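Novice: here's a sequence, model it:
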Amino acid sequence: MCLRAARPEWGNRSYLTWGGGSVPIASPLMLGRLRLLIAPMAIAGVLMPTAAHATVAVPAGEKVDSDVVAVAVGPDGVLHVTETIAYEFAGSSGLERTFVTRVRDNDTRDRVFKLSNVTVSSPDGGPATLTGPTAEGDRTRFGLKAPGPLTGRHTVSLSYDVSGAIMALGTDEELRWTAVGGWQVPVLQAKTTVESTAAIHSLNCFAGVLESSTGCTQFFTDHTATQGQFGQQNLLSDEYLTVVVGYPLGTTNAKPIYEMRRTLATAFSINRVTGGALAALLLLLIGGFGALYMLRGRDARVVGKLASEGDRSPVEAEAFAPPADVRPGQIGTLIDEQADVIDVTATIVDLAVRGYLLIEEEDRAATGRLDWKLIKQDRTSDLLPYEQLLFDALFAGRDSVRLSELGGTFADQLTRVREAMYKDVVTQGWFTRRPDAVRTRWTTAGLLLIVLGIAGTIALAIFTDLAVVGLAVIIGGTALAYGGRFMPAKTAHGAAVLAHTIGFRAHLLRGDASEVPEAQRIPIYSRYLPYAVVFDAIGHWSRTVENEGIRAEGADNLYWYEGPAEWDLSNFAESMRAFTLATSGAISQSRQFRSLP
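Specialist: Predicted structure coming up:
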């Protein structure tokens, strides 16, 4: 609140108007009006708890005898300050001078007072070495050090400049500065003078805790009305004397200094920079979706065009058959761009159907458990690299192996099998790069962006108001990591093979091949069974095989699958379902299902 001087004639007195009331000040001699503190208020002030900002213990008995501050207002609004401190030492080797350099302006910014050109001297051996500044919240602390412990009274002179203490307020310019205070010891006498070339319009002062509204002991102007004088006795530890002086508007044209408050609200505020970052993120996401549309949409367009061409019923047509020379494991990897457990299971069944091994179901009544034996056959040619690796892993130095015995070195070899399956889809020309490598590259990049975004958000939130930029990076990294799974793109050839596969899958799900001659049905149905494993249609297609076997006279076994005594093809569907589940479990203890687009 600013005291505004009005000078109506009333005897030999002038007045300061404050909130509609008149407070008399000195006549032309400008003698000061004293504001004596009432005793109960003084007692309350002694008992009132104060905020502690001390960082160094002060010996008992130390005090400030006087703190005299002379402020000269420069034409640019910078305060040139000389401060003379008379300090009573009792064994300490220095003292600390604390300034209030930041006050809250509103929820989003602080008003800042900047100190510069700080120097110290002492005419009588007092502290003359300056250390700091040290910023502590809204305070800035300087240390004044002496070579050794001091006793008795010593004088210290400080000089410094203050920027940001003057601002336009209505029709005036207001100077506001906490001139004295922040001491860890009592201050017996505090005096401040503020001098400029312009006439003072108004003045006021406050003493006590930092935000106190209690007036100081005295304040007045000199006979020229260009110097304001302020005084306060008996300031307690961590109490302050704040002076306020009003000048005509345009005296300095100085402007206050503001800085954004470092809060969560300001750290994540939307401004030109953060808004631009969000806009850039939006454009990046749109561009990413556009790239995915071009890559994945191309697959969908080719598949949509060719799928109906592959969905034809004649057995002689290529549609009611898998794409030429495409194995079940390859189709599984092509469909979802992953080489996983079910692809390996389908490949084992396919090796049996093609005569590389025989699947023999053991008699549960004799062994006490459901198990199968895989028996190596003499045929070993025409295997693809991943098939050869799988075959060698199954029969490493042996001619047969029970399904329950798989594990150990076999499980270790599966990584090489999967690697070979990924390489195979590139060799076939269905992908330009390995799908797993593409996914890993993009996902890793996304995760790195997330980590950098988190670290950046924390740093930006602490030191700036640009934390939203870090959030934009996190969002972008998350989108990149999630979108990595969609980044592998098939070639046109790969999309055409997938389209043929979809038509072939439709026939398997219908299980209708009435055009197939009866004599060929068991071999053809067996040939397509591994593909049914990949399509997760093993139950449906194995029942088709089972029904055909029941109709076939004397069909107790298949050429690639043998059951125990009293077993016939009426049990095939259940046996095949159990075999695929057991095989998948033996490989990885988990079964992954897949779906076609």
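Novice: which stretches of the stretch 51-200 of the chain have low pLDDT?
Specialist: Where the stretch 51-200 of the chain drops to pLDDT under 70, the residues are 51-56.
Novice: could you pull out the strands for it?
Specialist: Secondary structure of the stretch 51-200 of the chain, counting by DSSP state E, counting those that start in this stretch: strands at 63-73, 79-90, 94-100, 102-104, 109-112, 114-121, 129-136, 139-145, 151-163, 166-169, 172-181, 187-195.
Novice: same list (those) but as TSV, adding mean neighbour count and distance to Gln218.
Specialist: All C-beta spots, glycine's among them, are computed from the backbone N, C-alpha and C. Supplementary listing: those in TSV, determined by neighbours: other C-beta atoms under 10 Å; distance: least, C-beta to C-beta, whole Å:
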stretch	mean neighbour count	distance to Gln218
strand 63-73	19	14
strand 79-90	19	19
strand 94-100	22	22
strand 102-104	15	24
strand 109-112	16	27
strand 114-121	14	27
strand 129-136	14	31
strand 139-145	19	27
strand 151-163	17	23
strand 166-169	19	23
strand 172-181	23	14
strand 187-195	22	9
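Novice: could these be laid out in CSV, adding distance to Asp382?
Specialist: Converted to CSV, the strands of the stretch 51-200 of the chain look like this (distance: least, C-beta to C-beta, whole Å):
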stretch, distance to Asp382
strand 63-73, 98
strand 79-90, 94
strand 94-100, 88
strand 102-104, 81
strand 109-112, 77
strand 114-121, 84
strand 129-136, 78
strand 139-145, 83
strand 151-163, 87
strand 166-169, 90
strand 172-181, 92
strand 187-195, 100
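Novice: closest to Leu394 out of those?
Specialist: Ranking the strands of the stretch 51-200 of the chain by distance to Leu394, with C-beta to C-beta as the measure, places strand 129-136 first at 71.3 Å.
Novice: remind me what the closest one packs against, helices and strands.
Specialist: With contacts defined as 3 or more C-beta pairs under 8 Å, 6 or more residues apart in numbering; DSSP states H and E, strand 129-136 has these neighbours: strand 114-121, strand 139-145.
Novice: what does that strand contact?
Specialist: Applying C-beta atoms under 8 Å, 6 or more residues apart in numbering, the external contacts of strand 129-136 come out as 53, 55, 94, 101, 115, 118-120, 140-146.
Novice: which stretches in the stretch 451-597 of the chain count as strands?
Specialist: Counting by DSSP E, counting those that start in this stretch, residue ranges of the strands within the stretch 451-597 of the chain are 561-562.
Novice: just for it, where's the confidence low?
Specialist: Checking the stretch 451-597 of the chain against pLDDT under 70 turns up 511-521, 544-556, 588-597.
Novice: let's see that with 80 instead.
Specialist: 465, 507-525, 537-557, 566, 568-570, 586-597 (pLDDT under 80).
Novice: what segments of it are helices?
Specialist: Applying DSSP state H, counting those that start in this stretch to the stretch 451-597 of the chain gives helices spanning 467-483, 492-510, 518-534, 538-551, 572-588.
Novice: same list (the ones you listed) but as TSV, adding distance to Asp340.
Specialist: Putting the helices of the stretch 451-597 of the chain into TSV (distance: least, C-beta to C-beta, whole Å) gives the following:
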stretch	distance to Asp340
helix 467-483	20
helix 492-510	17
helix 518-534	10
helix 538-551	16
helix 572-588	8
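Novice: got the ones you listed as JSON lines, with distance to Thr192 and mean neighbour count columns?
Specialist: Written out in JSON lines, the entries for the helices of the stretch 451-597 of the chain read as follows (distance: least, C-beta to C-beta, whole Å; neighbours: other C-beta atoms under 10 Å):
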{"stretch": "helix 467-483", "distance to Thr192": "41", "mean neighbour count": "20"}
{"stretch": "helix 492-510", "distance to Thr192": "84", "mean neighbour count": "20"}
{"stretch": "helix 518-534", "distance to Thr192": "89", "mean neighbour count": "20"}
{"stretch": "helix 538-551", "distance to Thr192": "93", "mean neighbour count": "19"}
{"stretch": "helix 572-588", "distance to Thr192": "81", "mean neighbour count": "19"}
